[in-house]
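**Student:** pasting the sequence and the predicted coordinates here, then a few questions.
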Amino acid sequence: MPIPPDIAERPSTALVDTDGRQLAQSFRLRDLVPLSVSSVGPMFSVAATGGVMAAQAGWWTLPAIAILAVPFVVSSFVFRLLNRHFPHAGASYHWSARIVGRGVSRYQAWILILAYFFSIPPIAIPASSYTLALVAPGFHAPAVMQMALTLFWIGFAAMPLLLGGRPTARITQVFFAVEMVSLATFGIIGALSWHRLAVPIHFGALPTGGILIVAVVAATILDGWEIDSYAAEESQRPRNHPGVGGIVGALGALLFYAILYPLMLGETPLRLLANSTDPLAVWSHRLVPGEPWAMLIPILASTAGGLWLTSFILTRALYAMGREHLVPRGFAKLNRRQVPHVAIVISLGLAAVVCALQLFVSSLGSFFDLVLSAAGFFLLAEFFLDSLTAVVFLTVGHKRLVDVRLQPHGHPALLVGALFSSLVMGSLLVTFFIYGPRAIGGGIDETLAALLGLGFAFAWWTKRRAVAPVVFEGSDASADGIGAS
């Protein structure tokens, strides 16, 4: 039975900026699916984390990824459900406000900012490294040149974002096609080369700590598909299409890794992969000797796409927070192409500053290396909070913005999945404090504790500034008759 909208859930003037603009509803499903799959960045993800995973867990990397893959896939179906009820540019932090409470939502907004902002520099700096490896192999570039190339890629990432949603989708599709063709090509070559390159498969003793570390690191290679949730207000069918691309992206990422990791580990000695800065390049050298460009070009395409799509998620979240005064209201401003240009420029500008500190200031560089290596922790924390939100929604209901009555919802299978995801992700977050210092270095526990503690300060500070959650009314009708819930 449809739930009638109350007064506070009618379209809000806060959806419109001071110049009368609002986000353009331009994305179709065929736009959202490539965005979700490309945002995972399979080739960049393997290149960036495969060496660490091989060093920590060896062949046990495969079950370690599987440990986290199940709750992430479950999360994609949970996101689909929540999108149908509450489509919003702020996605997860908005769901928390509508279901759990505004205090929890403000804390989750802090975790969301950390998760995605800390994910940008670890993409931007490798982009410069891959560029140098492609155009000047063997050249040891000074920090100034590395920074120049990093700035180039940050600027390149800003261009499609500033041009608008539809250009972002079109450019992403080109880079996505390059990556998919390359993935298929190397998968076929790897399968055909197995008989001559195969190395002994030896799991060895169970590295409990290594598996747990890899499971947390895996959060950085299994996320990204949720981008279509943050694009909900820009979807032409905001209650029906967002979430579908996420499911395809999550399942697609799992399929890619299920093919790539066994081939890479099975055809390359583990000693060559362990702690390699680019294990895919090591593997491709065995497949296609003397042709590094064959792997570097698709890795670079994957890296570039991941850079602007990660920024897309962050900027849409900041835009939504700006409307509700959780961050300065300027973040909610839109340019003539109806994109949040202030959020784009400031977030990427701050990411460039962090990159510069990493490259030029050794003491601060070490600190930021430590902080940015924890991106997987905050991504996992974000999904953990989303799972808890889903559990509350499926057992109790959600808070109406005026009468605070609770409307319980069914979906028993999703409830079991959300409970399972909460248990797995919560356990991994706790165990990370035990095994994290061994893999990342001393001080990581204290750093994480300080950042988590600052979240309470952020929630307290924004309590006096924040306005009521802005509710987005999608233009299409929900397929299950929910209406504006």
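**Tutor:** Thanks, I have it. Residues are numbered from 1 along each chain as shown.

**Student:** now the helix or strand A258 falls within, how far from the centre of its chain.
**Tutor:** Element membership for A258 (DSSP states H and E) is helix 244-267. Centre-to-centre, helix 244-267 and its host chain are 16 Å apart (Cα atoms, centre = their mean, to the nearest Å).

**Student:** how about residues contacting whatever helix or strand comes next after it?
**Tutor:** Moving toward the C-terminus from helix 244-267, the next helix or strand (DSSP H and E) is helix 270-273. With contacts defined as Cβ atoms under 8 Å, 6 or more residues apart in numbering, helix 270-273 is touched by G50, G51, A54, A55, G58, W59, V199, M264, L265, P279, V282, W283. Every C-beta, even on glycine, is put in place using the N, C-alpha and C of the backbone.

**Student:** next secondary structure after the host helix or strand of the second one?
**Tutor:** What it means is G51. Using DSSP H and E, G51 maps to helix 42-57. The first helix or strand that comes after helix 42-57 along the chain, using DSSP H and E, is helix 61-85.

**Student:** quick one: buried residues of that following helix?
**Tutor:** Buried residues in helix 61-85, defined by neighbour count with 16 or more other Cβ atoms under 10 Å: 61-62, 64-65, 67-69, 71-85.

**Student:** before we move on, what about stretch 196-210?
**Tutor:** P207, G210.

**Student:** just the CA trace of that stretch, in CSV.
**Tutor:** The C-alpha coordinates for stretch 196-210 follow below in CSV (Å, rounded to 0.1, in the frame of the first residue of the first chain):
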residue,chain,number,x,y,z
ARG,A,196,54.1,-23.0,-20.5
LEU,A,197,54.0,-20.5,-17.6
ALA,A,198,52.3,-22.3,-14.8
VAL,A,199,54.0,-22.2,-11.4
PRO,A,200,53.3,-24.6,-8.5
ILE,A,201,50.2,-23.8,-6.5
HIS,A,202,51.2,-23.8,-2.9
PHE,A,203,49.1,-22.2,-0.2
GLY,A,204,51.4,-22.9,2.7
ALA,A,205,50.5,-22.3,6.3
LEU,A,206,47.4,-20.3,7.1
PRO,A,207,48.5,-16.6,7.6
THR,A,208,45.6,-15.5,9.8
GLY,A,209,46.8,-11.9,10.1
GLY,A,210,47.7,-11.6,6.4
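
**Student:** following the helix or strand bottoming out on mean pLDDT in the chain, which helix or strand comes up?
**Tutor:** Sorting the helices and strands of the chain by mean pLDDT, DSSP states H and E puts helix 362-372 at the bottom, at a mean of 70. Next along the chain after helix 362-372, taking DSSP H and E as the criterion, comes helix 375-395.

**Student:** average model confidence for that next one?
**Tutor:** Across helix 375-395, pLDDT averages out at 91.

**Student:** what angle separates it from helix 61-85?
**Tutor:** 50 degrees (axes from the mean of the first three to the mean of the last three Cα atoms, to 10 degrees).

**Student:** the longest helix seen in the chain versus helix 42-57: what angle between them?
**Tutor:** Longest helix of the chain, by residue count under DSSP state H: helix 165-197. Angle, helix 165-197 to helix 42-57, by the same axes, to 10 degrees: 50 degrees.

**Student:** so helix 165-197 versus helix 244-267, what angle?
**Tutor:** Going by the same axes, to 10 degrees, helix 165-197 makes 20 degrees with helix 244-267.

**Student:** following the chain onward from helix 165-197, which element is next?
**Tutor:** Using DSSP H and E, the helix or strand that follows helix 165-197 in sequence is helix 208-217.
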